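*Asks:* fold the stuff below for me.
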Amino acid sequence: MTSEDYKKSFENTYNKFKNKKPYYKLMVKKLKSKEMLELIYKIEEINKDFNNFVKHSEKQKGEIQKIAEEEVIKDMLPVLDSFEKAFKCKENNFEEFKEGSKLIKKQLSEVIGG
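*Replies:* The predicted structure follows:
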């Protein structure tokens with residue numbers, strides 16, 4: 001609602017009650033203030049801006065989370081490849097398996113530690 005809409009709304013209310021009982025006249029005098037209408041308009045605008053900010057922030061948060069998840073998956077792919085190599089290792093070659101496990105641990109530490 002624009003300030004013009006508020007002014008028209010006020011004028012309609014004022015005209016409706018201007019010849020009524022004194023209580024209504026008092027109410028209209030309180031509402032008559034131009035500053036009051038402007039404040040109402042500003043409050044509405046601030047409320048809209050805040051709601052837009054919240055929506056935008058939530059959208060950004062989701063996008064950042066998605067990017068972070070993609071990065072973690074991308075960083076984990078070499079570790080998964082190393083696991084596959086370790087499982088293809090011959091069963092009787094324990095030293096090779098042990099060395100591969102150390103390398104996998106190092107890779108995981110690098111991914112987790114940054």
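
*Asks:* and after the host helix or strand of residue 64, which helix or strand comes next?
*Replies:* Element membership for residue 64 (DSSP states H and E) is helix 34-88. Proceeding N to C from helix 34-88, the next assigned helix or strand is helix 94-113, under DSSP H and E.

*Asks:* give me the angle between that next one and helix 34-88.
*Replies:* 170 degrees (axes from the mean of the first three to the mean of the last three Cα atoms, to 10 degrees).

*Asks:* show me what the helix holding residue 64 is packed against.
*Replies:* Packing contacts for helix 34-88, counted by 3 or more Cβ pairs under 8 Å, 6 or more residues apart in numbering; DSSP states H and E, involve helix 3-17, helix 94-113. The way it works is simple: take the backbone N, C-alpha and C, and place the C-beta from them, glycine included.

*Asks:* low-confidence stretches in the chain?
*Replies:* In the predicted model of the chain, residues 1-3, 6-7, 10, 13-35, 90-92, 114 satisfy pLDDT under 70.

*Asks:* would you point out which residue is most central in it?
*Replies:* Among the residues of the chain, residue 58 comes closest to the average C-alpha position under Cα atoms, centre = their mean, at 1.3 Å.

*Asks:* just send the helices and strands packed on helix 34-88 back as TSV, with mean neighbour count too.
*Replies:* Shown next, in TSV, are these (neighbours: other Cβ atoms under 10 Å):
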stretch	mean neighbour count
helix 3-17	13
helix 94-113	13
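
*Asks:* need these in a markdown table (columns: distance to residue 64).
*Replies:* Below are these laid out as a markdown table (distance: least, Cβ to Cβ, whole Å):
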| stretch | distance to residue 64 |
| --- | --- |
| helix 3-17 | 37 |
| helix 94-113 | 19 |
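
*Asks:* before we move on, back to that, now do the contacts for the residue nearest to the centre of the chain.
*Replies:* With Cβ atoms under 8 Å, 6 or more residues apart in numbering as the criterion, no residue contacts residue 58.

*Asks:* state the distance from it to residue 82.
*Replies:* With the distance defined as Cβ to Cβ, to the nearest Å, residue 58 ends up 38 Å from residue 82.

*Asks:* now do residue 111
*Replies:* Between residue 111 and residue 82 the distance, using Cβ to Cβ, works out to 11 Å.
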